[in-house]
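**Q** This is a predicted model, with the sequence first.
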Amino acid sequence: MSEEKAAELTALQAALAAEHAAVYGYGVVGGRIREGRRTEAKAAYDAHRARRDALVREVRDLGGKPVAASAAYALPFPVPDSAAAVELAAELEERVAGVYSDLVRASTDGVRGTATEALREAAVRAVRWRGGSVPFPGLAERAATPTASATPTA
Amino acid sequence: MPFPPPPRTLLGPRRRSLLASAAGAALLVGCSTDADDSGTTGGSASVSEHARARAASDSDTLVQRYDAVIAAHPTLAERLDPLRAEVVRHAAAFGGSGSTPSATATASPSASATAVPAAPSDALAELAAAERALADRRAKALLDLPGELARLLASVAAAGAAHAYLLTEGAK
């Protein structure tokens, strides 16, 4: 395998691991979030499952063995209520955005196009949850506190 | 380390109008066979340079649209200023001026040719459409670029899509 393909496979596996974590995380979100936003959480959960499955295929296409999900994940903070669930959902999207920006860099053609789309979707969902935007979604080195906001929806 | 500024930032006080025409020129270059432009013959370095300049001028033009809307609808300023500030940061990240003066657009053919709609909700919808169209265009352009620049462009395109969402959502 060429160096480029090896890097692409590594980035695909990292994206897959993040999607596994997001699927798990949205399970927690769904259990805590208030009724009014449950549909939105379910839609995000389904979207991440679909991305996860697509990544499994892409890893196999490159001859890799897809990383498995962990049995459980440590949450970044306690999630006792709906407000914390919204916070967790935003956090999950930001982490996913980070791995997809790396996948854009490491990949070409179709995989890069899909990663670009996935990054965009994660950024839009993060904004929906958080109510504010960040200038450079998925770029940890340029991370800043949210600067732009719409009406808070949490 | 910041990217070296393009030559036009050295042009001084008349920068804004010059910048606007530079943006127009960049659009033309994109569909011509200008022999001076290394983009057609050079390697990925010149392709990157070209794409960077294009991205910077696109963001500058978008800032001018924000300015035009804010000038026509001052009540939207509070809502639009943070988004505008992010677009300024995008322009800077691509090596643009990053400090486009806040004023109504003047010479830019793409920004000022369109009058700002009289209804604030229409003005917001138009900004949202501009953000979305640019994000779509960037998502395609980045497929042919070197990794690091593609990553930056993908992030900025995602931010643009998020802006479009915020502009559309609050207009309801």
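**A** Perfect, thanks for sending it. Numbering: from 1, shown residues only, chains lettered A, B, ... in the order given.

**Q** What are the buried residues along the longest helix along chain A?
**A** In chain A, with assignment by DSSP state H, the single longest helix is helix A:3-32. Neighbour-count burial for helix A:3-32 flags A:7-9, A:11-26, A:28-30, A:32 (criterion: 16 or more other C-beta atoms under 10 Å in any protein chain shown). C-beta here means a position set from N, CA and C on the backbone, and glycine is covered the same way.

**Q** The residue nearest to A:Thr10 when sequence neighbours are not counted: how many residues sit nearby?
**A** Residue nearest to A:Thr10 in three dimensions, not counting chain neighbours: A:Ala106, with 7.1 Å by C-beta to C-beta, 6 or more residues apart in numbering or on different chains. A:Ala106: 24 surrounding residues under other C-beta atoms under 10 Å in any protein chain shown.

**Q** Please apply the same query to B:Glu169.
**A** 16.

**Q** quick one: it and chain A, what's the gap?
**A** Per C-beta to the nearest C-beta, to the nearest Å, B:Glu169 is found 5 Å from chain A.

**Q** what's the longest helix of chain A packed up against?
**A** Helix A:3-32 is packed against helix A:38-61, helix A:82-106, helix A:109-130, with contacts defined by 3 or more C-beta pairs under 8 Å, 6 or more residues apart in numbering or on different chains; DSSP states H and E.

**Q** mind listing what's buried in the longest helix anywhere in chain B?
**A** Counting by DSSP H, the longest helix found in chain B is helix B:44-72. Residues of helix B:44-72 classed as buried: B:47-70 (neighbour count, 16+ other C-beta under 10 Å).

**Q** is the helix or strand just after it anywhere near chain A?
**A** Following helix B:44-72 in sequence order, the next helix or strand is helix B:77-93 (DSSP states H and E). Yes. Using C-beta under 8 Å from any C-beta of the partner chain, helix B:77-93 reaches chain A at B:Arg79, B:Pro82, B:Leu83, B:Ala85, B:Glu86, B:Arg89, B:His90, B:Ala93.

**Q** could I have stretch A:103-121 exported to CSV, CA atoms only?
**A** Extracted in CSV, the C-alpha atoms of stretch A:103-121 (Å, rounded to 0.1, in the frame of the first residue of the first chain):
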residue,chain,number,x,y,z
LEU,A,103,-9.9,12.9,6.3
VAL,A,104,-10.4,15.6,3.7
ARG,A,105,-6.6,16.3,3.9
ALA,A,106,-5.6,12.7,3.8
SER,A,107,-8.0,11.5,1.0
THR,A,108,-8.8,12.2,-2.7
ASP,A,109,-11.7,12.1,-5.0
GLY,A,110,-14.8,10.3,-3.8
VAL,A,111,-13.7,9.8,-0.2
ARG,A,112,-12.7,13.4,0.0
GLY,A,113,-16.0,14.5,-1.4
THR,A,114,-17.9,12.5,1.2
ALA,A,115,-15.7,13.7,4.0
THR,A,116,-16.4,17.3,2.9
GLU,A,117,-20.1,16.7,3.0
ALA,A,118,-19.9,15.0,6.4
LEU,A,119,-17.9,17.9,7.8
ARG,A,120,-20.5,20.3,6.5
GLU,A,121,-23.4,18.3,8.1
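
**Q** hmm, who's touching it?
**A** By C-beta atoms under 8 Å, 6 or more residues apart in numbering or on different chains, the residues outside stretch A:103-121 that reach it are A:4, A:7-8, A:10-12, A:14-15, A:47, A:51, A:54, A:58, A:96-97, A:100-101, A:137-138, B:135, B:139, B:142-143, B:147-148, B:150-151, B:154-155, B:157-158, B:161.

**Q** any idea of the mean pLDDT in that stretch?
**A** Stretch A:103-121 comes out with an average pLDDT of 97.

**Q** same question, stretch A:142-152
**A** What stretch A:142-152 shows for mean pLDDT is 56.

**Q** cool, and stretch A:81-100?
**A** 98.

**Q** what does stretch A:41-57 give?
**A** 98.

**Q** Stretch B:88-105 too?
**A** Mean predicted confidence for stretch B:88-105 is 71.

**Q** Repeat that for stretch B:58-70.
**A** The model assigns stretch B:58-70 a mean pLDDT of 97.

**Q** thinking again about what came up before, now the buried members of the residues of helix B:77-93 next to chain A.
**A** B:Arg79, B:Pro82, B:Leu83, B:Glu86, B:Arg89, B:His90, B:Ala93.

**Q** Let's have these in CSV, adding distance to A:Ala72.
**A** Putting those into CSV (distance: C-beta to C-beta, whole Å) gives the following:
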residue, distance to A:Ala72
B:Arg79, 41
B:Pro82, 38
B:Leu83, 39
B:Glu86, 37
B:Arg89, 38
B:His90, 39
B:Ala93, 38
